[in-house]
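Enquirer: Sequence plus the predicted model coming up.
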Amino acid sequence: MEGIDKNKQDQEKLSAAKAAFQFVKNNDVVGLGTGSTATFAIEELAKRIQAGLKIKAAASSVKTEELALSLGIPILKLETLGSIDISIDGADEFTESLNLIKGGGGALFREKIIASLSKNSIIITDSSKKVDRLGAFTVPVEVVPLALQYVLNQLAALNGKAVLRKMDEKTFVSDNGNYIVDVDFGLLDKPEELALALNQIDGLLAHGLFIGLTSKVIMAKGDEILVFE
Ligand SMILES: O=C(CO)[C@H](O)[C@H](O)COP(=O)(O)O
């Protein structure tokens, strides 16, 4: 990561995660994100539950659910929830207008459902994630396998350079049994318009552009905590 070493970055992730808990109240249903920053929040939540905080949680991935359960965090099934009080998740990039790119961990669909259900959707980040324009990080999209070639055609028509995500030389498969395609659209002048165009593609289950879904971004920068809302 440019301009920040890993220890400092982890320290910032932890500070941002801790700062998010001022917004968590007893009896809240808490949406849990996926990724290294969300992991700091999940570990912090477990400590607070041990200290007496009473919450129930919903997980945005199998990995997050397994971690939460292993730490004694009670997990509700996402399909039973009509709303979530607060969610805490990371991001790959964000702008001051609170638009995000997410999905580096491949959990974008469940993360988007959780963000959409949340009354208070909080993103926590280190200082490397803030950008003036989204798009240096490629936009992940989740694709139903049988629609792969159709979706690739449609992405090419939008001038996106698409790469099917692999892990350990095998095609990456999401928790929902789908593929992830990482698409380079260059730096985005109008992320809202791209999001609408991607929404129109049949077989594209979800994309990593989170537009208008975020209540606040809590970013740690050194010892400082900056809140964008
Ligand atoms: O969207 C995500 C997973 O799908 C993550 O929030 C995003 O990739 C950031 O991850 P990290 O906190 O490890 O940098």
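Expert: Cool, got the structure. Keep in mind that this is a model prediction, so the values were computed, not measured.
Enquirer: List the buried residues in stretch 128-136.
Expert: Across stretch 128-136, burial judged by 16 or more other C-beta atoms under 10 Å covers 128-131, 134-135. All C-beta spots, glycine's among them, are computed from the backbone N, C-alpha and C.
Enquirer: One more: stretch 17-25?
Expert: The neighbour-count criterion (16+ other C-beta under 10 Å) identifies 17-21, 23-24 as the buried residues of stretch 17-25.
Enquirer: Check stretch 140-151 too.
Expert: 140-144, 147-148, 151.
Enquirer: Quick check: the farthest pair among those residues?
Expert: Farthest pair in the buried residues of stretch 140-151 (C-beta to C-beta) is 140 and 147. Separation: 15.9 Å.
Enquirer: Pick the one among the buried residues of stretch 17-25 closest to the ligand.
Expert: Of all the buried residues of stretch 17-25, the ligand sits closest to residue 17, with 9.8 Å by C-beta to the nearest ligand atom.
Enquirer: helices or strands up against the helix or strand harbouring that closest one?
Expert: Using DSSP states H and E, residue 17 sits within helix 6-20. Helices and strands touching helix 6-20, by 3 or more C-beta pairs under 8 Å, 6 or more residues apart in numbering; DSSP states H and E, are helix 36-50, strand 118-125, strand 216-221, strand 224-228.
Enquirer: what is the mean pLDDT for it?
Expert: Across helix 6-20, the average pLDDT comes to 97.
Enquirer: partners of whatever helix or strand comes next after it, with directions?
Expert: Later in the chain than helix 6-20, the nearest helix or strand by DSSP H and E is strand 29-32. Using DSSP bridges, strand 29-32 pairs in its sheet with strand 56-59 (parallel), strand 84-89 (parallel).
Enquirer: So residue 211 sits against residue 195, correct?
Expert: Yes - at 4.9 Å, residue 211 counts as touching residue 195 under the criterion of C-beta atoms under 8 Å.
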